[in-house]
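Trainee: Here is a sequence together with a model predicted from it:
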Amino acid sequence: MKVLQERSLAPFHTFGIEVTADHIVVAESAQDLIAIWQNEQYRALPKLIVGQGSNLLFCEDYTGVIVLNRIPGVEVTETADSYQLHVGAGEDWHELVRTTIENNMPGLENLALIPGCVGSSPIQNIGAYGVELKDFCQYVDVIELETGRLLRLSVSDCQFGYRDSIFKHALKNTHAIVAVGLALPKAWHPNLGYGSLAQFDPRSVSAKEIFDEVCRIRQVKLPDPAVLGNAGSFFKNPVVESVKRDLLLVTYPNMPSYEMANGTYKLAAGWLIDQCGLKGYKVGGAKVHEQQALVLVNHEQATARNVLELANEIVGTVEKTFDVTLEHEVRFMSACQETKLAEMMS
């Protein structure tokens, strides 16, 4: 366990907004996490485990302990059918994807350039271009923070859904992810169902070509957090019943929609925001990105309040225009606990 002297959280979340925490500590092992939770100085304080802070908005200064999960390690075991990876929660997700492709272990290429640590990936069940983490996840290792007990959760235990998992619900405040197990089948099949990936011939395309194209698309559409602070996709793509989708298509025949397994339809939140003419819209230093309406950026020394007011304006405008309610994908943190946009604006 390493205790940092600084209190600024700007370097530890990709929005880069100037907020502080009472304490910032680094955990490099499961034992460090246990020690932090057992520390008498920290025991009564709120605590938040952070990877790269790529899906966080600190709405105000945090009056507790920020725990930076930096547990390292990548172990690869080869079987007759697959490559089995055991990855520490603190490893960088994109670097993991890049390394697997460079070492001829395809499968994760559609998930390239998603910011964040490996330990954060099961929480969101990260996904892009027709692929989700759950497609390759074998298990997630967690510790029960109060007891220090190590548990291995199967894929079914994780209750993965669209940008959802048990780590957002039953295990949210009681357990910490320390490692993720992935299986990459040797019988590789490219997933070319989304966007410009359809240009490739599935009989000849390589994983490296898909990886490069996904990186190219994301670099064109999405701002680099190191240059322009942001937390990636700010809102979830809303899921609606078929009746609602059909009704909207009457007025908006070009509206993109994607059928889900249960007969509902996923709409493109970015498209909805764009149709409302909100690209480039600003509140203080916060702004809707000109190339991707789904991304809110720290354009010019934005405050958390700027971002909140901008998000609230977007939600209200989309609801008024389409009768569809957007939910934020980004986690909102108040001074001591996770919160929601409606609570912060009330």
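Mentor: Yep, it's here.

Trainee: report the longest strand in this protein, please.
Mentor: What stands out as the longest strand in the chain, according to DSSP state E, is strand 175-185.

Trainee: what comes up buried for it?
Mentor: Within strand 175-185, the residues scored as buried using 16 or more other Cβ atoms under 10 Å are 175-184. All C-beta atoms are positioned from the backbone trio N, CA, C, and that covers glycine.

Trainee: Repeat that for stretch 297-306.
Mentor: Applying a neighbour-count criterion of 16+ other Cβ under 10 Å, the buried positions in stretch 297-306 are 297-299, 302-306.

Trainee: and that stretch, average pLDDT?
Mentor: Confidence over stretch 297-306 (mean pLDDT, whole number) is 96.

Trainee: Also stretch 44-62?
Mentor: 96.

Trainee: phi, psi of the residue of the chain most remote from its centre?
Mentor: Of all residues in the chain, Val250 has its C-alpha farthest from the mean position, at 33.0 Å, by Cα atoms, centre = their mean. In this entry, Val250 is assigned phi and psi values of phi -60, psi -40 (degrees, to the nearest 10).

Trainee: And for Leu222, the neighbour number?
Mentor: Other residues within reach of Leu222 by the criterion other Cβ atoms under 10 Å amount to 21.

Trainee: does Leu308 count as helix, strand or coil?
Mentor: helix (DSSP: H, G, I helix; E, B strand; the rest coil).

Trainee: Val295 versus that one, what's the distance?
Mentor: Relative to Val295, Leu308 is positioned 16 Å away (criterion: Cβ to Cβ, to the nearest Å).

Trainee: quick one: which of those two has more around it?
Mentor: When neighbours are counted by other Cβ under 10 Å, Leu308 and Val295 differ, and Val295 comes out ahead with 23 against 19.

Trainee: Hmm, Gly119 and Leu133 touching each other?
Mentor: No - Leu133 sits out of contact with Gly119 when judged by Cβ atoms under 8 Å, with a separation of 11.5 Å.

Trainee: Give me the more crowded residue out of those two.
Mentor: Neighbours around Leu133 and Gly119, counted as other Cβ under 10 Å, are more numerous at Gly119. The numbers are 29 against 25.

Trainee: show me the residues around that one that make contact.
Mentor: Applying Cβ atoms under 8 Å, 6 or more residues apart in numbering to Gly119 gives the contacts 51, 69, 71, 88-90, 177-180.

Trainee: let's see it at 7 Å
Mentor: Taking Cβ atoms under 7 Å, 6 or more residues apart in numbering as the criterion, Gly119 is in contact with 51, 69, 89-90, 177, 180.

Trainee: Let me know the pLDDT of the residue lying closest to it once chain neighbours are set aside.
Mentor: Once flanking residues are discounted, Gly119 sits nearest to Ala89: 2.7 Å by Cβ to Cβ, 6 or more residues apart in numbering. pLDDT, Ala89: 98.

Trainee: Equivalent analysis for Trp93, please.
Mentor: What the model reports for Trp93 is a pLDDT of 98.

Trainee: backbone phi and psi for it, please?
Mentor: Backbone geometry at Trp93, expressed as degrees, to the nearest 10, gives phi -60, psi -50.

Trainee: if I read this right, it contacts Ile123, doesn't it?
Mentor: No - under the criterion of Cβ atoms under 7 Å, Trp93 makes no contact with Ile123, lying 11.9 Å away.

Trainee: Can you spell out the domain ranges of the protein, please?
Mentor: The chain is divided into the following domains under automatic domain parsing: 2-69, 74-219, 224-345.

Trainee: Am I right that Asp32 is in a helix?
Mentor: Yes - secondary structure assignment (three-state DSSP) places Asp32 inside a helix.

Trainee: what's the nearest residue to it if we skip its chain neighbours?
Mentor: Spatial nearest neighbour of Asp32, chain neighbours left out: Met1 (4.5 Å); criterion: Cβ to Cβ, 6+ apart.

Trainee: Mind jotting down where the helices sit in this protein?
Mentor: According to DSSP state H, the chain carries its helices in the segments 30-38, 93-102, 121-124, 155-158, 207-221, 242-251, 269-275, 304-322, 341-345.

Trainee: Tell me the helices and strands packed up against the second one.
Mentor: Secondary-structure packing of helix 93-102 (3 or more Cβ pairs under 7 Å, 6 or more residues apart in numbering; DSSP states H and E): helix 207-221.

Trainee: Packing partners of the helix it packs on?
Mentor: Helix 207-221 sits against helix 93-102, with contacts defined as 3+ Cβ pairs under 7 Å, 6+ apart.

Trainee: Please point out which parts of the helix it packs on sit buried.
Mentor: For helix 93-102, the neighbour count (16+ other Cβ under 10 Å) marks 93-94, 96-101 as buried.

Trainee: Quick one: residues contacting Glu329.
Mentor: For Glu329, the residues meeting the contact criterion (Cβ under 7 Å, 6+ apart) are 163, 233-236.

Trainee: Just give me the closest of these to Ile210.
Mentor: Ranking the contacts of Glu329 by separation from Ile210, with Cβ to Cβ as the measure, puts Ser233 on top at 20.3 Å.

Trainee: so what pLDDT did the closest one get?
Mentor: Predicted confidence (pLDDT) for Ser233: 92.

Trainee: give me the number of residues near it?
Mentor: Burial measure for Ser233: 22 neighbouring residues, criterion other Cβ under 10 Å.

Trainee: ok, what's across the strand from it?
Mentor: Val295 (DSSP bridges).
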